[in-house]
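Undergrad: Predicted model and sequence follow; I will ask about them next.
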Amino acid sequence: MAGLVTTFGAGAMTNSIPEIRDAEFLFVIGSNTSEAHPIIAMEMKRAVARGATMVVADPRRIWMTTIADRHLMLRPGTDVWLLNAMANVIISEGLTDPEFIERNTEQFEDVVAAVAEYTPEQAEIITGVPAEDIRRTARQYATTEKAGIYYTLGITEHSHGTDNVYALSNLVLMTGHLGKPSAGLNPLRGQNNVQGANDAGASPVFYPGYQRVDDPAAQAKYEQLWGTKLSPEPGMNLNVMMKAVGDQIRGLFVMGEDILLSEPNVKRLEEGMNGLEFLVLQDLFLNETARFADVILPAACFVEKDGTFTNSDRRVQLVRKGVEPPPGALADWEILKRLANAVGMSWSYEHPREIYREMAQSVPNFAGISHERISERNDGLQWPCLDDEHPGTKFLHEGGVLRGKGQFQAVQYRPSYELADDDYSLLLSTGRTLYHYNAATQTRRAPGLHAKQPEPFIEIHPKDARRRGIAHGDWVSVTTRRGQVECRAIVSRQVRRGCIWMPLHYAEARANLLTVDAGDPVTQTAEYKVCAAEVVKLRDGDGANTFPGSFYAAGGPGVVATPAE
Amino acid sequence: MSDDGDSTITVNGKAVALEPNDTLLSAARRAGATIPTLCHDERLKPVGACRSCLVEVEGQRRLVPSCLTKAEPGASVVTDNARIRRHQSVLMALYLADNVDAAATDDTADASELHELAEHVGAPLDWPRLETIREQRSIDRNPYIEFRADRCISCARCTRYCDEVESVSAITLAGRGSATTIATADQVSLMDSTCEMCGGCIAVCPTGAMTEKRPLLQLLKPATQLKKVRTTCNYCGVGCQLDLNVDEAANEGRGQVVKITSPEPGTMPNDGNLCVKGRFAYNFVDHEDRLTTPLIRNADGSYREAPWDEALAYAAKGLLGVKERHGADALGFVSSSRCTMEENYLVQKLARAAFGTNNCHQCAAT
Ligand code: SF4
Ligand code: SF4
Ligand code: FES
């Protein structure tokens, strides 16, 4: 997020989802697209079917690797090595776009100097990806006109997540793959409205529309709009805030999230929660966090209220109320309005469209967007949208980089916060699956989704399993320096040797008991993707077929015999 | 005929400019002609399986399938005349003879395009019924999708969708002639196949042969009695457009979402496609665990129900108390990427304007 704002001047997909089908080269990194974003995966499949080349960089074998031309199965946490080595190849083979660099960017020299030592041969030793594969990928990327990069949390959920984004931005800028259809840098957002929440200013450093809280002009604008004095001190990031709970943070308001299920290093957080003086929770269901709440306010869900979500491609779309909430529950906006009035404000919004209007008039990029306009279209409105006549923007940076000049950011590899060692000899990554969604408070209440993946599990490589006497389907205990959970073992070559992978959806095996809360120095996003762990067998499995169907089916690509390592 | 023959065709006497990759069907539709189709879907390669889109082309003796035929410049096409109508009506009568009564299709997820079309072309409904010989997969323990062989017309929209769009090829056409059916490999349950439960096969099926399982549809009224509400999915960041199908009288008049359907192809960003979560994971809406009253914690840790005004006053007092004792920056506001733009805007406004702190962040800051 912050990474892209720094390099390009806007933190969002530079292209639109419908442009993906026309891409000629797709570089998919740290994105289990078919499970996390099935519809985007459909567009990618369509591009591949039309002859596009796809390269997937991921420590795991995932569905997308089965249709990719090449799978770069890198060691977790070594992305910067891989990406810098690609930059090295592009520069040393003269495949850059000098004209674009000259006209639209600054600080290219820094990157040239920084990547000089990242030769593909060295990269092979560290990432485990053959040098020749790195070369070929770099060449194809640089020389294909419509070449797009797509990434998700596999890139950002690291203690060096921002570096990863910088390294990707460098590739884009040096090859001029920006400001064109189907060629750009595209973060795929995990949740329906991550983009929108950022856009709306739910951020400790930004007012709506990425206007900094420590910029006096922005402060003055919002002081006038809201009729009150405002603080110019940037606030705490979520990760910092969670570490400060019970300490500097004594009162907490939480809307629509189960922080105890979704925040890293939850043991520490639970201790902190005991030191809270007051906790207000607003949600659909009683969740784990509710144990600590002083007040719980029942909220309406998305089919019971009006409003907008902004998706990954900056598309503002309407959420329309179809039914009334259960008696006693209220829409979140209504609760917030009444809470504000209870602390002395006088908010008078009658409908979310008035709230949107207030926000849009304070952000030039949203000024042309309104509920009224969106309701007349069937494809939403993509920001920037400058006035009532503006058609919205399909791809960014068309007439030059938004920030003025694209900013190259030289980065050096930093190892992940915690690496495997003698006591914890495996690297644990966590992630999402197709059938569940984050804390799964909604999906686990869907019988079919539950039937498909009812139990928590880890994936472990056959060799690692054999050394520990673990058979497919056995129950195992997974331990890290922070905690321990029990789950089933799926013995599969989907993971690299020395690596294990676990979904984070299960309350009875909370992956966040295990993960570290080391944060990226810029975004503070926690490192969910790498930590050291050990696995021990607990008892035999009962032979149950835990993962019927799909990727895991016998004979399916997930457990199909692949060349032994 | 226009002398601009290399870039136009004539449809029912009217000239239409050609666009790249035009078929007779796409060009004729642009010219305003109504041509019935069953096996056609814009997202799929045309196969010409159902024969309902036949048209007359000048200089050709037989009727040709318009969905499959490339529009050659200069062609002259007729889409509606006695011969074509006779063809349509006989074809539909044949389909119906090997299918179920119109009334029986009321219980499926969507109106049957086949039966609507038959009515539209005035097909005779009194032809003798055939006993269907298409193999029905025995009970499939997958939770969502049911295949009813007696309604299938082998148009292969479902299998082509599964193949070309979802790319998992879980289902396939099997058997020959009037025994042709839709099968999984070895007729296993969809649960044990490569199926990802996207439900696309249900959405594209024109007859209700692929449909949602009966338990999901228990409360379902005929499609005409449901209200469709277009909205945005609340799961991932793609922001698929979907249609809530609402039974307005249910739940004591509050209304109930009884199913979710996908909009027309071409509706962006999802082009009418959905994934398993968007299409099927809505049971939580009516789940008995939903909170329906504010709760305040008692001194002993138990909760008591409280009216809204009391709960809000209590929440306000609690948060203001922390601010008084420790300063505004001792408060933290966690907002949600699951909630709307407007709600996120209000949370940060609440933190900043009402309490005076910038300690406000959405959960999922990536
Ligand atoms: S639900 Fe989707 S994946 Fe499964 S058979 Fe139908 S189209 Fe194929
Ligand atoms: S099940 Fe439906 S879509 Fe599939 S072939 Fe039969 S009629 Fe066509
Ligand atoms: S629509 Fe043309 S043959 Fe089916």
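TA: Looks like it came in fine. Ligands and ions are numbered 1, 2, ... in the order given.
Undergrad: The chain - how does it break down into domains?
TA: The chain I'm using is chain A. A:2-188, A:194-382, A:426-539 (automatic domain parsing).
Undergrad: Sorry, I should have been clearer: chain B.
TA: When chain B is cut into domains by automatic domain parsing, you get B:8-80, B:226-287, B:295-365.
Undergrad: mind putting these in JSON lines, distance to residue A:514 and mean neighbour count included?
TA: In this view, the C-beta of every residue, glycine as well, is placed from N, C-alpha and C. Formatted as JSON lines, the domains of chain B follow (distance: least, C-beta to C-beta, whole Å; neighbours: other C-beta atoms under 10 Å in any protein chain shown):
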{"stretch": "domain B:8-80", "distance to residue A:514": "42", "mean neighbour count": "18"}
{"stretch": "domain B:226-287", "distance to residue A:514": "24", "mean neighbour count": "21"}
{"stretch": "domain B:295-365", "distance to residue A:514": "19", "mean neighbour count": "21"}
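Undergrad: separation between residue B:31 and ligand 2?
TA: Going from residue B:31 to ligand 2 by C-beta to the nearest ligand atom, to the nearest Å gives 28 Å.
Undergrad: Ok, residue B:97 next?
TA: Residue B:97 sits 15 Å away from ligand 2, going by C-beta to the nearest ligand atom.
Undergrad: Pretty sure residue B:128 is one of the things that residue touches, is it not?
TA: Yes - assessed by C-beta atoms under 8 Å, residue B:97 is found in contact with residue B:128 at 6.5 Å.
Undergrad: State the number of residues packed around the closest residue to ligand 1 within the stretch 201-350 of chain B.
TA: Residue of the stretch 201-350 of chain B nearest ligand 1, by C-beta to the nearest ligand atom: residue B:201 (3.3 Å). Residues near residue B:201, counting by other C-beta atoms under 10 Å in any protein chain shown, number 24.
Undergrad: More neighbours: which of residue B:97 and residue B:128?
TA: More neighbours surround residue B:97 than the other of residue B:97 and residue B:128, with 15 against 5 (other C-beta under 10 Å).
Undergrad: any idea how far the more buried one lies from ligand 1?
TA: Counting by C-beta to the nearest ligand atom, the gap from residue B:97 to ligand 1 is 27 Å.
Undergrad: what's the closest non-adjacent residue to that residue?
TA: residue B:127 (4.5 Å; C-beta to C-beta, 6 or more residues apart in numbering or on different chains).
Undergrad: With residue B:213 instead?
TA: Here the residue nearest residue B:213, using C-beta to C-beta, 6+ apart, is residue B:146, at 4.8 Å.
Undergrad: Can you list the strands that the helix or strand hosting the one you found pairs with?
TA: Applying DSSP states H and E as the criterion places residue B:146 in strand B:145-147. Note on strand B:145-147: by DSSP bridges, its sheet partners are strand B:210-212 (antiparallel).
Undergrad: Do the partner strand and ligand 2 come into contact?
TA: Yes - Strand B:210-212 comes into contact with ligand 2 (C-beta under 6 Å from any ligand atom), by way of residue B:210.
Undergrad: Just the mean pLDDT for that strand, thanks.
TA: Average pLDDT, strand B:210-212: 87.
Undergrad: what does stretch A:374-390 give?
TA: For stretch A:374-390, the mean per-residue pLDDT is 88.
Undergrad: Tell me where the stretch 101-250 of chain B has strands.
TA: For the stretch 101-250 of chain B, the strands defined by DSSP state E, counting those that start in this stretch cover B:145-147, B:171-174, B:181-184, B:210-212, B:227-232, B:241-247.
Undergrad: can these go into CSV with extra columns for distance to residue A:366?
TA: Output for those, formatted as CSV (distance: least, C-beta to C-beta, whole Å):
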stretch, distance to residue A:366
strand B:145-147, 41
strand B:171-174, 44
strand B:181-184, 47
strand B:210-212, 38
strand B:227-232, 17
strand B:241-247, 20
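Undergrad: so which of those comes closest to ligand 3?
TA: Closest approach to ligand 3 among these is made by strand B:171-174 (14.3 Å; C-beta to the nearest ligand atom).
Undergrad: For ligand 3, see how far away residue A:35 is.
TA: In terms of C-beta to the nearest ligand atom, residue A:35 sits 33 Å off from ligand 3.
Undergrad: again with residue A:278
TA: 64 Å.
Undergrad: how many neighbours does that residue have?
TA: A count of nearby residues for residue A:278, using other C-beta under 10 Å, gives 21.
Undergrad: that older thread, got the domains of chain A as CSV, with distance to residue B:315 columns?
TA: Listed next are those as CSV, based on distance: least, C-beta to C-beta, whole Å:
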stretch, distance to residue B:315
domain A:2-188, 32
domain A:194-382, 5
domain A:426-539, 22
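Undergrad: between these, which gets nearest to residue B:158?
TA: Nearest to residue B:158, of all the domains of chain A, is domain A:2-188, at 15.7 Å by C-beta to C-beta.
Undergrad: chain center to stretch A:64-79: distance?
TA: Averaging C-alpha positions (C-alpha atoms, centre = their mean, to the nearest Å) puts stretch A:64-79 18 Å from its chain's average.
Undergrad: got a list of what the residue of the stretch 301-450 of chain A found nearest ligand 3 touches?
TA: Using C-beta to the nearest ligand atom, the closest approach of the stretch 301-450 of chain A to ligand 3 is made by residue A:378 at 24.0 Å. Shown in contact with residue A:378 (C-beta atoms under 8 Å, 6 or more residues apart in numbering or on different chains): B:241, B:263, B:267-268.
Undergrad: which bits of the stretch 151-300 of chain B sit near ligand 1?
TA: So the stretch 151-300 of chain B meets ligand 1 at B:161-162, B:166, B:168, B:170-171, B:190, B:195-201 (C-beta under 6 Å from any ligand atom).
Undergrad: cool, the stretch 1-150 of chain B as well?
TA: Residues of the stretch 1-150 of chain B lying near ligand 1 (C-beta under 6 Å from any ligand atom): residue B:145.
Undergrad: Tell me where the stretch 51-200 of chain B has helices.
TA: For the stretch 51-200 of chain B, applying DSSP state H, counting those that start in this stretch gives helices covering B:82-97, B:113-120, B:157-160, B:200-204.
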